[in-house]
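*Asks:* sequence unknown, structure follows:
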């Protein structure tokens, strides 16, 4: 067998990253031979790939390029390209001029809707059935089964004679023979209802006429009969991509960066909203209609668009569920916020590109009964993801600035992915959703790819290229200065730099987001910065550093006045002690109705005891309009950093096909190949697997493999296990 090179394996893993769980090249080859793993890959390829795959199977799984070229009609010269595509995904093996399929019997139940060849059918037929077939086509039966089979095959090569006999059939039988020859070569016996011995029903007429044979409980039209009925010149056709009518044309740049910056702004606002006031989830999971309306109103977008940002932020790891009760921001969002606009947008675009569902049309789409929208943001199986990627691939083939709409793209989408045929009630809606969402993200503008979208798709082609450099040149430079107004507002035109946004968020409240973002300073916002440890001089110097002009006098007064009052009250423990700067202030606090919960009791002219802990005492005093500070046990003022309830989340690093390929090819001794294959299969399919570990059998599922670590849930022990793959002596699928 030809040795697999590192470059070939790297390319394979780039297209099929799920195979990275294999510990060795032997296990990779065994996984490649499993049809259930290959079928989803094949169905996501274009129709010409399906034609060539069927042609190889129809040839028995092994053929040559020359034979394929002779047996296919290829007006666009696509055969070599298609063979390379199938080989890169492990669906075919190319060895010089030879073409082999790793799958037996194959990925298609009936390639080209043809039945089995007569030589295969003959194994299950009686001699009398073969004699009937020979007689029906004008021959004189002679010899045993092998001779009869050869004699029948020879008679069926006369296509004109076969078609002439079919033309003499009664209308009902002629209609059935036409269907079986072109679309349905096999009928189950329970689908055939006729009185035994009746000669008027079409099925027995076709059996007696030599067009159909009975094999046990099925009636099947031999491949030779169907080919004769289709005509002597019939060949499968490689059609090539249908033309996409250009419905939109612009300069190819408009809207890309502006929409992308708006997308960053919306997602950032959503994460901050979810951090400050977590988004409640339904008991069944997901965000309900009422909460979705709240989110949409807070973001200033329609509910449909809010669903998109929820789905994308969750897929990018910026939002996560806290105990299945609420969605909140994650620690991943903190790192994301510090990155460049290009890197931030790339993270969102990648998450959206990989989503299996359509965020703005969240239905399953397989039938009319599954068109009810599902609550965001959790993913579910849907053909929308494949259709989205097909739409982007098709738009990429158009000239820069040229685009189309859903109706114009539909024929090419049907050619490009089988998902469109699998989701007929929603296919066109999925295409429209892909275009709508791409516009909102800046991938497209009015149905045509932007330069930003083209650069991102090019980066997706090369997993080793993070693409940030190419994308960065398409984004405007982040704004690093702010315009401070006399009305205590701060205006940033464009996308603020992470440093500027962090500074403004620390001492002002964001009022609006659009092409220009507006923050407003208030006594409460300035006090928040002072509580976090900043001083008046720090704030004023920061404002001067970031301001495009001088700091307005009203803002200076606000900062200095708030700082002067800040700390006039001090709160310490036991459970709380309130220390005032003057006795009159303390007397006022002790008699204030709004502070009755504190039950303040004066023990000195400027000292009172509170019945509540320091945190609650501080909160109630601030709600009453005062500016207290917390003190440490040594009497110094304790800074209070702004609290951000972020969930601790760690994203798995993106796979490196080259490194994984080198590790697989250099894999040393470990678990036996059968055991390694069983573990890899269980990780890929979610099947139950029996693992012999520490002299016990463990029935496990939900397996995940990272390096040599195997994790999964054990039904025997009712808990999770983490195992060393190299030390597992045996594993098998029950």
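*Replies:* Received, thanks. Please read these numbers as outputs of a predicted model, since none were measured by experiment. Residues are numbered from 1 along each chain as shown.
*Asks:* Could you list the low-pLDDT ranges of the stretch 101-250 of the chain?
*Replies:* By pLDDT under 70, the low-scoring segments of the stretch 101-250 of the chain are 190-201, 249-250.
*Asks:* Actually, the chain.
*Replies:* For the chain, applying pLDDT under 70 flags the ranges 1-2, 190-201, 249-255, 463-468, 514-515, 567-574, 633-645, 667-673.
*Asks:* In it, where's the longest strand?
*Replies:* Counting by DSSP state E, the longest strand found in the chain is strand 696-706.
*Asks:* in that one, what counts as buried?
*Replies:* Buried residues in strand 696-706, counted by 16 or more other C-beta atoms under 10 Å: 698, 700, 703, 705. Where C-beta positions appear, they are placed from N, C-alpha and C, glycine not excepted.
*Asks:* Show me what secondary structure element comes after it.
*Replies:* Next along the chain after strand 696-706, taking DSSP states H and E as the criterion, comes strand 709-714.
*Asks:* tilt between that next one and strand 696-706?
*Replies:* 130 degrees (axes from the mean of the first three to the mean of the last three C-alpha atoms, to 10 degrees).
*Asks:* so how far is strand 709-714 from its chain's centroid?
*Replies:* 24 Å (C-alpha atoms, centre = their mean, to the nearest Å).
*Asks:* Tell me which other helices or strands that strand touches.
*Replies:* The contact analysis (3 or more C-beta pairs under 8 Å, 6 or more residues apart in numbering; DSSP states H and E) places strand 709-714 against helix 673-685, strand 696-706, strand 719-724.
*Asks:* In JSON lines, list those along with distance to residue 513.
*Replies:* Shown next, in JSON lines, are those (distance: least, C-beta to C-beta, whole Å):
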{"stretch": "helix 673-685", "distance to residue 513": "43"}
{"stretch": "strand 696-706", "distance to residue 513": "39"}
{"stretch": "strand 719-724", "distance to residue 513": "43"}
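*Asks:* and residue 700, what are its bridge partners?
*Replies:* residue 689, residue 714 (DSSP bridges).
*Asks:* Quick one: residues contacting it.
*Replies:* 682, 688-691, 712-715, 721 (C-beta atoms under 8 Å, 6 or more residues apart in numbering).
*Asks:* Of those, grab the buried ones for PyMOL.
*Replies:* Buried residues within the contacts of residue 700, by 16+ other C-beta under 10 Å, are selected in PyMOL with:
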select buried, resi 682+689+690+691+712+714+721
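*Asks:* I'd like to know which of the contacts of residue 700 is nearest to residue 599.
*Replies:* Nearest to residue 599 out of the contacts of residue 700 is residue 713 (C-beta to C-beta; 51.7 Å).
*Asks:* hang on, isn't the closest one packed against residue 720?
*Replies:* Yes - contact status for residue 713 versus residue 720: in contact at 5.4 Å, counting by C-beta atoms under 8 Å.
*Asks:* neighbours of the nearest residue to residue 173 once chain neighbours are set aside, just the number please.
*Replies:* Spatial nearest neighbour of residue 173, excluding adjacent residues (C-beta to C-beta, 6 or more residues apart in numbering): residue 202 at 3.9 Å. Residues lying near residue 202 (other C-beta atoms under 10 Å) number 22.
*Asks:* got it, and residue 605?
*Replies:* Residues lying near residue 605 (other C-beta under 10 Å) number 12.
*Asks:* Would you confirm that it contacts residue 586?
*Replies:* Yes - Residue 605 lies in contact with residue 586 (C-beta under 8 Å); the separation is 7.0 Å.
*Asks:* contacting residues for the spatially closest residue to residue 210 that is not a sequence neighbour?
*Replies:* Leaving aside its sequence neighbours, residue 210 sits nearest to residue 136 (C-beta to C-beta, 6+ apart; 2.8 Å). Contacts of residue 136 were listed using C-beta under 8 Å, 6+ apart, and they are 165, 208-211.
*Asks:* 7 Å instead, please
*Replies:* Shown in contact with residue 136 (C-beta atoms under 7 Å, 6 or more residues apart in numbering): 208-210.
*Asks:* Would you state the helices of the stretch 551-700 of the chain in chain order?
*Replies:* Here the stretch 551-700 of the chain has its helices, by DSSP state H, counting those that start in this stretch, at 553-565, 583-590, 614-623, 657-665, 673-685.
*Asks:* and the last one with strand 719-724, angle?
*Replies:* Using the same axes, to 10 degrees, one finds that helix 673-685 and strand 719-724 are set 130 degrees apart in direction.
*Asks:* Name the residues of helix 673-685 that come out as buried.
*Replies:* Within helix 673-685, the residues scored as buried using 16+ other C-beta under 10 Å are 675-685.
*Asks:* Closest one of those to residue 84?
*Replies:* Proximity of those to residue 84 (C-beta to C-beta) peaks at residue 684, which lies at 24.9 Å.
*Asks:* That closest one: what's it in contact with?
*Replies:* Counted by C-beta under 7 Å, 6+ apart, residue 684 has contacts 18, 21, 37.
*Asks:* any idea how far residue 327 is from the second one?
*Replies:* When C-beta to C-beta, to the nearest Å is the yardstick, residue 21 and residue 327 sit 30 Å from each other.
*Asks:* who's more crowded, these two?
*Replies:* Using other C-beta under 10 Å as the criterion, residue 21 and residue 327 rank with residue 327 on top: 27 against 24.
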